[in-house]
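> Here's my sequence, what's the structure:
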Amino acid sequence: MSESTNIKSIRLLPEDVANKIAAGEVVERPASVVKELTENALDAGATRISVRLVGAGRRLIEIIDNGHGMSPQDALLSIERHATSKIRTADDLDSIDTLGFRGEALASIASVSKFELVTRRAKDESATQIQVDGGILRNTQEIGAPVGTRISVNRLYFNTPVRAKFLKGMTTELSHCIDVVQRHALAHVGVAFQFTHNDKVLLDVPEGASLRERVALIWGLKFVQDMIEIKGEQAGFTVHGLIGHPGLHRSGRSHQFFFMNERPIINRALQFGFEDGYSGLVTIGRHPVGIMMINTHPRFVDVNIHPSKREIRFRDERTARNAIRDIVRNALEDIRLQKPDESPQVLHDQQGQANIVSFTPAPPSSTPSIPQPPVAPQHADTSAPAAVNMPDTMTQQPYTPAESAPLAYEVNETAEPDAPIEQTEFLPEDGFPNVEPGPVYEANIPDASDVGLQLFDTYLLIPENDRLLIIDQHALHERINYDLIMTELRDKNYSSQQLAVPILIDVPPSSARLLEKNIELFAQVGIDIESFGGNTYQVTAICHLYEEAKVADAVYEILDELSQGNLFDKEDFLSDFMRVATQACRASVKAGDKLSQEEKQGLIEGFRRLRPPYTCPHGRPIITELTLTQMEKSFRRRQ
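Predicted coordinates:
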C-alpha cells in the first residue's frame, strides 16, 4: 500500500507565526498585558506605577513607571523572544526571586498590537523610543522623557481578529484588568498604583499606604474593620497579612488572595489549608476571606508550571497546607467562637457610616416568626386558596403562593455574532418565574395540632397515609420566605421601605461598573441603590421583607456572583439572582430552635402550599420520607 501523498513535510515556522502562537499563551486578554507590564515595572524597582486604559484595554493599554529604565541596547533586545536579564543558566530557575524571567512577554505583546516603548536610565541624557507594529520593527530614535519606562499597547489583536472575537464584554475585561492591579497593590506595600479608565481614576493607592489601608481603599472601611492581622512562621514558611473574622465569609473564593514571595498565585494546597484553619467556624458552603503574604526559599516552589505563572507547585504540598492551616488556627485562637450562622451586627451612626459591633447571639428563647402572606389587592382572584388563620401569638402567617404562568426568558438570537456579549447588561421584560406543578404531599396531612412532633429541635415528623414525612424546619422556612418574596416582587405587590438613614456600601473598583449597570436589576428584587460618589453607593429603600442589617452583605454576595458570571448560566437567571438576595430576608428558624405548637402548625400549613421541587433556595432537600413498607421490612414483617 503506497504512502499517502498529502502528508506534509516538517518545516520551521516563520518568526512572526511563532510569536503569534506564543502570544496565544501569554496574552490571553487585556488583563494579561496589564499583568506582564506591571510585573516588569516592579522588577525594575518602580515605586510609582500608572496604568491607563481606553476601551477596557482593547484600544489602549499604557503603563508608566519610575523604575531604573533600560539602555538603548537592552531596549532593543527586550522585544526579542527569550531575552531577559533575570536568569542566565538553568540552575537559576531554582532560585527565581523576580516576577518575570522567561523573556517572552514584550515580544508576544508586540506581535499582536501596535507597540511603543520609551525608556531612559538616570545616567542617560535622552530616552530610547522603539515602535513595533505586529511584530515588525518600524522605528527607533532618541527622544526626551523622564527616567523610567513607558509602554503603550494600541489596538490589541488588530492583526488577529479571531482572538478579539473571543474577548468578553467591556465590563468583564475591565474587571479583570482592575483585579490584576489590585492584587499587585496589595502585595507591594511601598509602591504607589494609579488605575485610570477612559480618563476616570478608578484606583489610587498612595505609596505610603499600609496593607490595612490598601484593603480599605479597595473594599471599603466596613470590610477591613472585620479583619484581623495574622503573623506566623512554620516549616520554612513565613506568613503575614489579614484574615477575616469567622463571621466574614463569602459564597466563593474570590476574596481569598495568596502571594508567594510577593507574586500573586493560585494553589489549591494553600486554599485548602486556609479553609482548614476555619474548620468548625464557618458555615458549610461558605468561604472565609483573607490576604496571605507567604514567603519561603525559592527552591521550595516551582513557578514555571503555567504559561502566565499564575499557578505554582510546592515540593511538599502537604507541608505547605498544614503550615498555613496551623498559622491560621493560631491567629483565630483569641477570637470569640461564634455559631456558624451568626454575622456581625452592623449599626449606622448619624452620618450613615457603618460600624462593626460585637457578635451578640440572639437569646435562645427568640425564634423567628413564620412569614405572613402578602395582602391581596382588591382585584385579586378570590378563587385562590386562602391563607391559614394563625393564632394571635403568631405575628405572621404562612404565605399562599399565587398561580401564574412561568416566565419564558429568551435569549436574543438576532444579535450580531461578532458583537461581544455582556450578560450582565440586559434584563427580562416580564416578572419572575413561578413553578406550576401541583403539590405531592398535599392530601391527607393530618391537622398540625394533632401531630406537631419536633425531633431533635430540627425536624418535623408528619404521618401521611402509608409513610412518615420528615421535614427540615430550617430549609422549609427558607423556602417559604423565598416563595413569599418571589410572589410579591413578581406581582410588584410589596411595600418599599424608605430608609431614614441610607445604608452606605463601599465596593471595589472592579465591581463599581458592574453595580452601575445592574442598578435596575437590584431594583427588581427590592433593593434601591444610588451613587454616593466615588466607589460608594447608598441603599435608599428596601422591600419590607428584608432585614436592614443584612442588605449590605446580600449586595456584596450578588456582586460576587455577577463578577463570576454564575447567575447567568440558566434561562431563569432572575430566579437565581433571588436565591442570593433572599439572604437579606428576615431570619428563618434554625436547626436547634424549639418551636411552639403554633409555630409548628404555621410551618406545616406553609408546607402544604408548596409546589415541587421540594428544596430550599440553595438546593438542599426540604423533606424525606420513611414508608410503611420500609418499616415493615426493617421489623421483618414483610420480605
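> pretty sure residue 114 is touching residue 133, no?
Yes: contact status for residue 114 versus residue 133: in contact at 5.2 Å, counting by Cβ atoms under 8 Å. Bear in mind the C-beta positions are built from the backbone N, C-alpha and C, glycine included.
> what bits of the stretch 51-200 of the chain have low per-residue confidence?
Along the stretch 51-200 of the chain, segments meeting pLDDT under 70 span 85-97, 100-103.
> got the residue ranges for the strands in it?
60-65, 114-120, 127-133, 136-143, 148-154, 192-197, 200-205 (DSSP state E, counting those that start in this stretch).
> who does the fifth one pair up with?
Applying DSSP bridges, strand 148-154 is found paired with strand 60-65 (antiparallel), strand 114-120 (antiparallel).
> Which of those strands sits closest to residue 627?
Counting by Cβ to Cβ, residue 627 lies closest to strand 60-65 out of the strands paired with strand 148-154; the figure is 64.6 Å.
> okay, the strands paired with strand 148-154 in JSON lines with distance to residue 545 next?
JSON lines is the format used below for those (distance: least, Cβ to Cβ, whole Å):
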{"stretch": "strand 60-65", "distance to residue 545": "45"}
{"stretch": "strand 114-120", "distance to residue 545": "54"}
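> Residue 456: which of the ones you listed is closest?
The nearest among these, by Cβ to Cβ, is strand 60-65 at 59.0 Å.
> Who does residue 193 form a beta bridge with?
Where residue 193 sits in a bridge, its partners, by DSSP bridges, are residue 49, residue 205.
> Please report the number of neighbouring residues for residue 82.
9 (other Cβ atoms under 10 Å).
> Kindly report the same for residue 596.
By other Cβ under 10 Å, the residues close to residue 596 number 14.
> I'd like to know how far it sits from residue 457.
According to Cβ to Cβ, to the nearest Å, residue 596 and residue 457 sit 12 Å apart.
> ok, back up a step: so for residue 328, which of the strands paired with strand 148-154 sits nearest?
Using Cβ to Cβ, the nearest of these to residue 328 is strand 60-65, at 34.5 Å.
> circling back to that earlier point, output the strands paired with strand 148-154 as JSON lines; include the columns mean neighbour count and distance to residue 35.
Output for the strands paired with strand 148-154, formatted as JSON lines (neighbours: other Cβ atoms under 10 Å; distance: least, Cβ to Cβ, whole Å):
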{"stretch": "strand 60-65", "mean neighbour count": "22", "distance to residue 35": "10"}
{"stretch": "strand 114-120", "mean neighbour count": "23", "distance to residue 35": "16"}
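> Quick one: closest of these to residue 274.
That would be strand 60-65 among those, by Cβ to Cβ, at 31.2 Å.
> circling back to that earlier point, and the strands paired with strand 148-154: which comes nearest residue 83?
Closest among the strands paired with strand 148-154, using Cβ to Cβ: strand 114-120, at 13.1 Å.
> List the contacts of that closest one.
By Cβ atoms under 8 Å, 6 or more residues apart in numbering, the list of residues contacting strand 114-120 from outside reads 69-70, 75, 78-79, 106, 109, 126-134, 143, 145-155, 158.
> 7 Å instead?
Contacts with strand 114-120, where a contact means Cβ atoms under 7 Å, 6 or more residues apart in numbering, come from 69-70, 75, 109, 126-133, 143, 145-155, 158.
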